[in-house]
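**Student:** missing the sequence, but the structure's below:
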């Protein structure tokens, strides 16, 4: 089956191949240690496809991985959806396969809607401006996309903070009815140590009831994940728990991460989703015009809690990212009248201009193995197929 690799991912594949070759020859000192059985690798980015999960252009087999949510509760592969931000620990094996040992899916906001602007696609959730783009996936439970969101709805938002515009760019949005707590992942703007409170995203959060041992380091610019009680007291949210909000990447691993620049000192020193990046020796294939909120792909290795970058690439589509959706799997729920079918629970619409390979629309049937490339529909609930390839079973 043909894999569609973007330039940044091709560079990452080449880097991993060199690591594996070095390990096979028994060489290497420092940096990434494969142990002779493959190269340890970490990914951070949004899920852009299935077959295995696809993150930053890499197919990662998650079938044997531990699946965790942002609070470390155990989940399953069925919890993973298109557009979810994930942190993945994996091993790149000789021969090209990548096998995950852990996948953690990381939401950005869970909270009530107080405003909906359907024309601009901006929704206010827990006091945060959330931008819904042309590539945002919206759960089918929200009929009509943004226009189906109501004030008072509780939404779960996946995406990243754009500090340059003080808003979140959503990659997936779901309606929630079962949450007993709210949640916000963001950057601390001020801390009142005496009152034991801090401000994040314009919201004042009290941690007065938490033991000091359960409070992470709070400072201006720190990325924090706050689980909140659902009601305010004297204009403050009460923290049920606090934790470091930046994805944790173990040292000594090859790293591929895509996201928004969350902290910025210079093009050589910045952070992505709270992860520190040292790009002093990196190449910049698309230029070094970085700024807060810029969408980048960073390749490198992890050392002493930061990523030592070898390559930093600006996305061509700064608003929504460059990744196309890819679905590899078995067809089901074929509707020849509505011209839809499903692959791994994702609804695929083939009513438009679709390029077929190995067959035609007449050959579509439940149980057939296909590879679908496409883009989100206007309401974000379906994938509009641009190409469908039939794959031999």
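**Tutor:** Structure's in. What do you need? Predicted model, so just to flag it, every value in this text is computed and none were measured.
**Student:** Give me the residues contacting the strand or helix carrying residue 326.
**Tutor:** Using DSSP states H and E, residue 326 maps to strand 325-335. For strand 325-335, contacts defined as Cβ atoms under 8 Å, 6 or more residues apart in numbering pick out 1, 4, 48-51, 54, 59, 82, 340-344, 346-348, 364-376, 383, 391. The way it works is simple: take the backbone N, C-alpha and C, and place the C-beta from them, glycine included.
**Student:** Just the buried residues from the residues you listed, in ChimeraX please.
**Tutor:** To isolate the buried subset of those in ChimeraX, counting by 16 or more other Cβ atoms under 10 Å, use the following:
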select :48,49,50,51,54,59,82,340,341,342,343,344,346,347,348,364,368,369,370,371,372,373,374,375,376,383,391
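**Student:** Among the contacts of strand 325-335, which lie within strands?
**Tutor:** 48-50, 54, 59, 340-343, 346-348, 369-376, 383, 391 (DSSP state E).
**Student:** picking up where we left off before, could you give me the buried positions within the strand holding residue 326?
**Tutor:** Under 16+ other Cβ under 10 Å, the buried positions of strand 325-335 are 325, 326, 327, 328, 329, 331, 334.
**Student:** low pLDDT regions in the protein?
**Tutor:** Residue ranges of the chain with pLDDT under 70: 1-37, 322-323.
**Student:** domains for it, by residue range?
**Tutor:** As assigned by automatic domain parsing, the chain contains the domains 7-106+247-314, 109-176, 182-244, 325-391.
**Student:** how long is the shortest one end to end?
**Tutor:** Length of domain 182-244, first residue to last, Cα to Cα, to the nearest Å: 16 Å.
**Student:** can you pull the contacts of the spatially most central residue of the chain?
**Tutor:** Nearest residue to the geometric centre of the chain (Cα atoms, centre = their mean): residue 85, 2.0 Å. Contacts for residue 85 (Cβ under 8 Å, 6+ apart) come out as 44-46, 105-108, 158-160, 171, 259, 273.
**Student:** Same check on residue 255?
**Tutor:** 41, 42, 43, 44, 249, 298, 299, 300, 301, 302, 307.
**Student:** repeat that with 6 Å
**Tutor:** Residue 255 makes contacts with 42, 300, 301, 302, 307, as judged by Cβ atoms under 6 Å, 6 or more residues apart in numbering.
**Student:** which two from these end up farthest apart in space?
**Tutor:** 42 and 300 (10.5 Å; Cβ to Cβ).
**Student:** picking up where we left off before, partners of the strand holding residue 326 in the sheet?
**Tutor:** Partners of strand 325-335 in the sheet, by DSSP bridges, are strand 39-50 (parallel), strand 340-343 (antiparallel), strand 369-376 (antiparallel).
**Student:** Residue 358 contacts residue 390, doesn't it?
**Tutor:** Yes: in this structure, residue 358 is within contact of residue 390 by Cβ atoms under 6 Å, at 3.7 Å.
**Student:** the more surrounded of these two?
**Tutor:** residue 390 (17 against 12; other Cβ atoms under 10 Å).
**Student:** Just list whatever residues bridge to the more buried one.
**Tutor:** With DSSP bridges as the criterion, residue 390 is bridged to residue 370.
**Student:** was I right about it contacting residue 359?
**Tutor:** Yes: the pair residue 390 / residue 359 is scored as a contact, 4.3 Å apart, by Cβ under 6 Å.
**Student:** show me what contacts residue 238?
**Tutor:** 206, 229.
**Student:** what about it, which SS state?
**Tutor:** When classified by DSSP: H, G, I helix; E, B strand; the rest coil, residue 238 comes out as strand.
**Student:** For it, name its beta-bridge partners.
**Tutor:** With DSSP bridges as the rule, residue 238 is bridged to residue 206.
**Student:** Tell me how far it lies from residue 229.
**Tutor:** Distance, residue 238 to residue 229, by Cβ to Cβ, to the nearest Å: 4 Å.
**Student:** Any chance of the strands paired with strand 325-335 in a markdown table with distance to residue 242 as columns?
**Tutor:** Compiled in a markdown table, the strands paired with strand 325-335 are given as follows (distance: least, Cβ to Cβ, whole Å):
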| stretch | distance to residue 242 |
| --- | --- |
| strand 39-50 | 21 |
| strand 340-343 | 39 |
| strand 369-376 | 34 |
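**Student:** Skip the chain neighbours and tell me the closest residue to residue 347.
**Tutor:** residue 382 (4.5 Å; Cβ to Cβ, 6 or more residues apart in numbering).
**Student:** next one: residue 260
**Tutor:** residue 160 (4.5 Å).
**Student:** likewise residue 183?
**Tutor:** residue 110 (4.2 Å).
**Student:** Secondary structure element holding the one you found?
**Tutor:** strand 109-117.
**Student:** What are the contacting residues of that strand?
**Tutor:** 123-126, 128, 149, 151, 153-157, 179, 182-184.
**Student:** For residue 354, list the residues it contacts.
**Tutor:** 385, 388.
**Student:** what pairs with the closest residue to residue 79 other than its chain neighbours across the strands?
**Tutor:** Nearest residue to residue 79, sequence neighbours excluded (Cβ to Cβ, 6+ apart): residue 67, at 6.2 Å. Beta bridges link residue 67 to residue 103 when assigned by DSSP bridges.
**Student:** Does residue 67 touch residue 102 like I think?
**Tutor:** No: with contact defined as Cβ under 6 Å, residue 67 and residue 102 do not form a contacting pair (8.0 Å).
**Student:** And the contacts of stretch 133-141?
**Tutor:** In contact with stretch 133-141 (Cβ under 6 Å, 6+ apart) are residues 82-83, 145, 170, 172-175, 319-320, 376, 380-381.
**Student:** Tell me which stretches of the protein form helices.
**Tutor:** Using DSSP state H, the helices of the chain run over 7-24.
**Student:** residues near residue 74, how many?
**Tutor:** Neighbours around residue 74, by other Cβ under 10 Å: 9.
**Student:** which non-adjacent residue is nearest it?
**Tutor:** Counting by Cβ to Cβ, 6+ apart, the residue nearest residue 74 is residue 68, at 6.2 Å.
**Student:** Any figure for the gap between that neighbour and residue 101?
**Tutor:** For residue 68, the distance to residue 101 - Cβ to Cβ - is 11 Å.
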